[in-house]
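Asks: Turn this into a structure:
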Amino acid sequence: MAYHQPTQSRYSQCDSYFIESDNDGIYAARAEARERTRAIARMQQRAIAEELSRATADEYQEDIMDHMEHMESETMPDVNSIDIQTEIQWFMRPYLLDFLVEAHAAFQLLPDTLFLAVNLLDRYCSRRVVYKRHYQLVGCAALLIAAKFGDRKERVPTVRELRSMCCSLYDEEMFTQMEWHVLQTLDWAIGHPTVDGFLQLALSEVPYDPEVEHMTWFICEVALFHKDFVSTRPSVLARSSLALARCILARPPVRQSQWAGTYDPATVLNLSNHLYQPSQVLARKYASIHLSSVSTTVEDFLQQQAQIARRNTPPISSVDVAQQKHNADGYLAPHTPQKSQYGSVMQHGCLTPPITPDNDFGENNYGQGHSLLPRIYPSTPTPLSNVQQGPPQYSYQQYLPPQHVH
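Replies: Below you'll find the predicted structure:
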């Protein structure tokens with residue numbers, strides 16, 4: 001029986017249709033050995049590159065530090081300018097930061113990206129009047145710019161993903177337009193030395209301890225939520241947070257002769273006073289075992305300190321109790337920080353350019369059927385269709401502040 005020989009073949013000419021079997025695994029062993037050799041060569045090249053980088057860094061360390069300190073002074077936000085914003089207020093900022101922290105974690109971005117995004121947000125708010133319905137849009141644009149600037153390319157969020165996280169409140173063109181306007185407003189000066197950048201310099205002077213690094217990140221992110229630290233320089237905040245983290249974890253302090261040991265005691269004390277009620281989003285993020293469960297460690301530490309304080313506190317009289325109750329009911333009671341009353345026109349600023357969405361629920365439609373909800377918030381309200389179906393995962397509805405009486 002004759003077999004038909006094809007005139008053309010997709011494969012190269014071969015004398016035989018039979019392939020020699022690798023019964024003894026010789027070819028597989030040789031391939032594995034070649035791959036092992038390549039891996040060893042790559043490791044050696046990486047080690048050589050790191051050694052050269054360390055040698056270069058040591059040589060230019062002082063110049064690098066001088067440049068970073070110069071840049072941090074040039075790229076700090078102005079708290080006084082944010083104070084005279086006509087619509088956005090300080091109590092709105094923690095809710096936006098909760099959203100940014102969740103988005104940052106969802107895209108698995110670098111820690112440096114979050115700190116840079118918040119800096120870009122605050123600097124933009126220092127120079128432009130921002131409508132509360134655009135506040136979330138500015139935050140998303142800042143996160144997008146920060147991710148493009150210093151994060152891994154495959155992790156940079158797309159405009160479509162950001163639009164989905166904002167419940168499709170903004171069109172994709174509005175994200176692009178706001179991104180361009182933020183860059184134009186900041187004169188394309190994005191290279192802000194963040195807290196994490198200074199922290200890595202401080203950690204390079206001491207033996208590496210991942211728990212200390214995670215604890216310092218947690219303290220620095222807690223500081224992002226408070227107005228007191230907006231004007232604090234990242235270099236001071238990084239060293240002070242590191243000192244507080246080592247204290248909480250019972251690590252020996254860094255020597256004063258080292259750069260990491262020259263922290264600010266007042267900043268350390270102020271940071272410790274803000275650890276008692278961190279953001280729930282932040283506490284949940286740092287309760288992960290991948291981040292050493294540092295939020296749980298802080299909670300246990302604070303409980304121990306409270307027990308020690310109760311044991312060492314002498315009994316108080318009924319007069320002192322009455323005085324403390326009076327203070328709690330008065331000016332010393334916890335309250336939402338409010339800005340001073342300024343004029344309706346912002347100095348040295350102009351309005352943000354994106355067009356208001358067609359369905360402006362902030363002032364007109366959002367209150368229909370929801371008269372008990374505060375009309376001054378949210379800055380980017382959820383459409384009525386979403387309200388009827390329940391709040392979506394990334395909606396501001398879950399971050400509504402306590403009800404206000406007008």
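Asks: all helices in the stretch 51-200 of the chain, in order from the N-terminus.
Replies: For the stretch 51-200 of the chain, the helices defined by DSSP state H, counting those that start in this stretch occupy 79-83, 93-106, 111-127, 135-150, 159-165, 172-185, 195-203.
Asks: From the contact counts, what lies against the fourth one?
Replies: Read it as helix 135-150. helix 93-106, helix 111-127, helix 159-165, helix 172-185 (3 or more CB pairs under 8 Å, 6 or more residues apart in numbering; DSSP states H and E). C-beta: built from backbone N, CA, C; applies to glycine.
Asks: in the first one, what's buried?
Replies: Same thing as helix 93-106. 93-104 (16 or more other CB atoms under 10 Å).
Asks: related to what we said a few turns ago, just so I know, which of the helices of the stretch 51-200 of the chain lies nearest residue 299?
Replies: Closest approach to residue 299 among those is made by helix 93-106 (18.1 Å; CB to CB).
Asks: counting contacts, what elements does the closest one pack onto?
Replies: helix 111-127, helix 135-150, helix 159-165, helix 280-285.
Asks: and if we set it to 6 Å?
Replies: Contact here means 3 or more CB pairs under 6 Å, 6 or more residues apart in numbering; DSSP states H and E; on that basis helix 93-106 packs against helix 135-150, helix 280-285.
Asks: Residues contacting it, please?
Replies: 114, 135, 139, 143, 165, 224-225, 279, 281, 285, 399 (CB atoms under 6 Å, 6 or more residues apart in numbering).
Asks: so which of the buried residues of helix 93-106 would you say is closest to residue 157?
Replies: Nearest member of those to residue 157, counting by CB to CB, is residue 103, at 7.3 Å.
Asks: now do the same end-to-end measure for stretch 189-196.
Replies: This stretch, stretch 189-196, spans 18 Å end to end (CA to CA, to the nearest Å).
Asks: Take the helices and strands packed on helix 135-150 and lay them out in JSON lines including mean pLDDT and distance to residue 47.
Replies: Converted to JSON lines, the helices and strands packed on helix 135-150 look like this (pLDDT from 0 to 100; distance: least, CB to CB, whole Å):
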{"stretch": "helix 93-106", "mean pLDDT": "96", "distance to residue 47": "32"}
{"stretch": "helix 111-127", "mean pLDDT": "96", "distance to residue 47": "24"}
{"stretch": "helix 159-165", "mean pLDDT": "94", "distance to residue 47": "37"}
{"stretch": "helix 172-185", "mean pLDDT": "95", "distance to residue 47": "38"}
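Asks: nearest to residue 254, of those helices?
Replies: Between these, helix 111-127 lies closest to residue 254; by CB to CB that is 20.5 Å.
Asks: Tell me which other helices or strands the closest one touches.
Replies: With 3+ CB pairs under 6 Å, 6+ apart as the test, helix 111-127 has helix 79-83, helix 135-150, helix 172-185, helix 195-203 packed against it.
Asks: What are the neighbouring residues in contact with residue 151?
Replies: Going by CB under 6 Å, 6+ apart, the list of residues near residue 151 reads 109-110, 113.
Asks: domains in this protein, as residue ranges please.
Replies: 69-192+358-406, 195-310 (automatic domain parsing).
Asks: right, and these - which one's nearest residue 38?
Replies: Residue 38 sits nearest to domain 69-192+358-406 of all the domains of the chain, at 23.3 Å, using CB to CB.
Asks: will you turn the helices and strands packed on helix 135-150 into CSV that also has distance to residue 147?
Replies: Below are these laid out as CSV (distance: least, CB to CB, whole Å):
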stretch, distance to residue 147
helix 93-106, 9
helix 111-127, 5
helix 159-165, 10
helix 172-185, 11
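Asks: could the contacts of residue 151 go into TSV alongside distance to residue 186 and neighbour count?
Replies: As requested, the contacts of residue 151 are exported to TSV (distance: CB to CB, whole Å; neighbours: other CB atoms under 10 Å):
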residue	distance to residue 186	neighbour count
109	20	22
110	20	16
113	16	25
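Asks: Need those residues in a markdown table (columns: distance to residue 184).
Replies: As requested, the contacts of residue 151 are exported to a markdown table (distance: CB to CB, whole Å):
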| residue | distance to residue 184 |
| --- | --- |
| 109 | 24 |
| 110 | 25 |
| 113 | 21 |
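Asks: Of the helices and strands packed on helix 93-106, which is nearest residue 245?
Replies: Among the helices and strands packed on helix 93-106, helix 280-285 sits nearest to residue 245 (CB to CB), with 15.0 Å.
Asks: which strands and helices sit next to the closest one?
Replies: Using 3+ CB pairs under 6 Å, 6+ apart, helix 280-285 sits against helix 93-106.
Asks: Quickly note the distance from residue 210 to residue 149.
Replies: 25 Å (CB to CB, to the nearest Å).
Asks: Which one's more surrounded, those two?
Replies: residue 149 (16 against 11; other CB atoms under 10 Å).
Asks: That one against residue 189, yeah?
Replies: No: if you go by CB atoms under 6 Å, residue 149 and residue 189 don't touch, sitting 11.1 Å apart.
Asks: show me where pLDDT drops low in this structure?
Replies: 1-24, 315-406 (pLDDT under 70).
Asks: hey, which of the helices and strands packed on helix 93-106 is tucked in deepest?
Replies: Ranked by mean neighbour count, the helices and strands packed on helix 93-106 are led by helix 135-150 with a mean of 24 (mean count of other CB atoms under 10 Å).
Asks: got the CA positions of that helix in PDB?
Replies: Presented in PDB, the C-alpha positions along helix 135-150 are these (Å, rounded to 0.1, in the frame of the first residue of the first chain):
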ATOM      1  CA  TYR A 135     -13.200  66.100  45.200                       C
ATOM      2  CA  GLN A 136     -13.200  62.400  44.500                       C
ATOM      3  CA  LEU A 137     -12.300  63.100  40.800                       C
ATOM      4  CA  VAL A 138      -9.200  65.100  41.900                       C
ATOM      5  CA  GLY A 139      -8.200  62.200  44.300                       C
ATOM      6  CA  CYS A 140      -8.500  59.600  41.500                       C
ATOM      7  CA  ALA A 141      -6.400  61.800  39.100                       C
ATOM      8  CA  ALA A 142      -3.700  62.200  41.800                       C
ATOM      9  CA  LEU A 143      -3.600  58.500  42.300                       C
ATOM     10  CA  LEU A 144      -3.300  57.900  38.600                       C
ATOM     11  CA  ILE A 145      -0.500  60.400  38.200                       C
ATOM     12  CA  ALA A 146       1.400  59.000  41.200                       C
ATOM     13  CA  ALA A 147       1.000  55.400  39.900                       C
ATOM     14  CA  LYS A 148       2.300  56.400  36.500                       C
ATOM     15  CA  PHE A 149       5.200  58.300  38.000                       C
ATOM     16  CA  GLY A 150       6.800  55.600  40.200                       C
END
